[in-house]
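1. Here is the input, now give the coordinates:
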Amino acid sequence: MKKTPPDESFQIRCPRLGHQIYFSYCRTENSGLPCFKVLDCWSPHFPVEEYLKSDLTPEEWEKVFEKKPKPKMLSLVELIEQAKKRKKEAE
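-> This is a model prediction of the structure:
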């Protein structure tokens, strides 16, 4: 199996977006960091974990793959609060 990411001629279907996507997008879609699902999606195509561990700092790896996600309810409350704040600032 090739140890580097496939080139831009190869795409897979993104389960989050619902359409074809390149690895380069998955590698940077999270504010310059990889998508949290990149390991699941790309591991059948190349050794993505090995590649990213050599490409990311330990802090970046931890931030993306080892941090526990927020509970869904907390995320929703935060989004609501952000929307309220934006609305208030726009007035």
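
2. count of neighbours near V48?
-> Using other C-beta atoms under 10 Å, V48 is surrounded by 22 other residues. (C-beta placed from N, C-alpha, C; glycine too.)

3. Contacts only, for it.
-> 5, 38-39, 42 (C-beta atoms under 8 Å, 6 or more residues apart in numbering).

4. at 10 Å instead, please
-> Under the criterion of C-beta atoms under 10 Å, 6 or more residues apart in numbering, the contact list for V48 reads 3, 5, 23, 26-27, 34, 38-42, 55.

5. Also C26?
-> When contacts are counted by C-beta under 10 Å, 6+ apart, C26 is found next to 5, 12, 14, 16-17, 34-35, 37-39, 41-42, 48.

6. try T28
-> Neighbours of T28 in contact, by C-beta under 10 Å, 6+ apart: 34-35.

7. Can you tell me what sits against the longest helix belonging to the chain?
-> Among all segments of the chain classified by DSSP state H, the helix with the greatest residue count is helix 72-90. Contacts of helix 72-90 with the rest of the structure, by C-beta under 10 Å, 6+ apart, involve 69-71.

8. again, but for stretch 10-22
-> Contact with stretch 10-22 is made by 5-9, 23, 25-26, 29, 35-37, 40-42, 44-46, as judged by C-beta under 10 Å, 6+ apart.

9. tell me the contacts of the residue nearest the centre of the chain?
-> The C-alpha lying nearest the average C-alpha coordinate of the chain belongs to C35 (C-alpha atoms, centre = their mean; 0.9 Å). Neighbour list for C35: 14, 16-17, 21, 25-29, 41-42, 64 [criterion: C-beta under 10 Å, 6+ apart].
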